[in-house]
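Engineer: Here you go, sequence then predicted model.
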Amino acid sequence: MNNYTAAIASFIRFDVIVFNTLEYAMKKDSYDVDAYKARKEIISNEISQNTPLKNCLANSGDAGKALNDKINDLLKLIYSDDSTIVKLSQDGKELRVDFSQAISVFEAVLPIHEEMKKIVEAHVVAAKKAEQYDEPTYPEVIEKEEYFYRGLVNMLMLDQFDHQFAEYNKARQEAKGGITAQSNFIQNDINRLVKLFHFVRDNAFARNAEYYSVIDPLFALIEMTGGRRDLPEGKNFGQIFTDVKTIAREKTQKWELAWKPVYEAFIKHFTEEVQKMQGGAKA
């Protein structure tokens, strides 16, 4: 491992830590306090200490400053004492997560991931040009992460979309079909989610038929909820949501099983190589 590939590995690890923040867009009985503290420390250290990411951002002009600001915003939104989304209990033994703010979690995490993906791609190109792309496992790690990430994000946002759509219909029914302040508020959240679905799709490099077996029915559903496409004959929205969510969940589970061992081996190798590099520097 050389400086190029060490930096790429550092970026990949940071990106995974950031998108693991999507845990706080999930409804769970409990959340891991140690994982929360570790993420907070790693994300903070990456932009405050002498790391490849900090150096990259410092040398990237306005784009670097913009990404640095997004990372700081994530820390403030999720990992600070002032966060209204994730709160550590007074005794420090429990995390309390406000699931109603899940869309804000998506809006904070997703743009950082896409920028980190661009940074990884640029450094891979530079490493190849310098003939120092000496880690043959990297393409597999990057590809498998892409599919798992897209599956995870779409699966989580689908759950939120289902919830918001049901709430919107309930608000309209209670108003006997009328538009109210409440229904407008929910509609705004639905619009935020639809924008995020498009953002995720537009930035994907996943292209295979299996990926589109999730994406195509998802966007057909979005068009149905917006009145731009008729429901299939004999089906209602509840059934369509269930069908699309089932496909997304099954594919995401499959992609996670493919990604996890590859990523774990990658992290183990990265940690060992960094220790060697640090040992060499000290000697």
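Structural biologist: Looks like it came in fine.

Engineer: Strands along the stretch 1-150 of the chain, start to end?
Structural biologist: Along the stretch 1-150 of the chain, the segments classed as strands by DSSP state E, counting those that start in this stretch run 86-88, 95-97.

Engineer: I'd assumed A220 was in contact with F241.
Structural biologist: No - taking contacts as CB atoms under 8 Å, F241 lies outside contact range of A220: 11.8 Å. The C-beta positions use only the backbone N, C-alpha and C, and glycine is treated the same way.

Engineer: coming back round to it: quick one: which of the strands of the stretch 1-150 of the chain is nearest M155?
Structural biologist: Closest to M155 of the strands of the stretch 1-150 of the chain, according to CB to CB: strand 95-97, at 17.7 Å.

Engineer: List the contacts of the closest one.
Structural biologist: 24, 28, 30-33, 36, 85-89 (CB atoms under 8 Å, 6 or more residues apart in numbering).

Engineer: so where is this structure shaky, pLDDT-wise?
Structural biologist: 279-283 (pLDDT under 70).

Engineer: Let's have the strands of the stretch 1-150 of the chain in TSV, adding mean neighbour count and distance to N50.
Structural biologist: Formatted as TSV, those follow (neighbours: other CB atoms under 10 Å; distance: least, CB to CB, whole Å):
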stretch	mean neighbour count	distance to N50
strand 86-88	17	28
strand 95-97	17	30
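
Engineer: Reformat those strands as TSV; add distance to I8.
Structural biologist: TSV is the format used below for the strands of the stretch 1-150 of the chain (distance: least, CB to CB, whole Å):
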stretch	distance to I8
strand 86-88	30
strand 95-97	32
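
Engineer: and K118, which of the ones you listed is closest to it?
Structural biologist: Nearest to K118 among the strands of the stretch 1-150 of the chain is strand 86-88 (27.3 Å), distances taken as CB to CB.

Engineer: what helices or strands is the closest one leaning on?
Structural biologist: On a contact count with 3 or more CB pairs under 8 Å, 6 or more residues apart in numbering; DSSP states H and E, strand 86-88 meets helix 33-48, strand 95-97.

Engineer: Packed most tightly, which of those would that be?
Structural biologist: strand 95-97 (a mean of 17; mean count of other CB atoms under 10 Å).

Engineer: partners of that one in the sheet?
Structural biologist: In the sheet, strand 95-97 lines up against strand 86-88 (antiparallel) (DSSP bridges).

Engineer: chain center to the partner strand, what's the gap?
Structural biologist: 20 Å (CA atoms, centre = their mean, to the nearest Å).

Engineer: which outside residues touch stretch 134-147?
Structural biologist: 1-2, 5, 8-9, 12, 15-16, 120, 124, 204-206, 211, 255, 258-259, 262-263, 265-266, 269.
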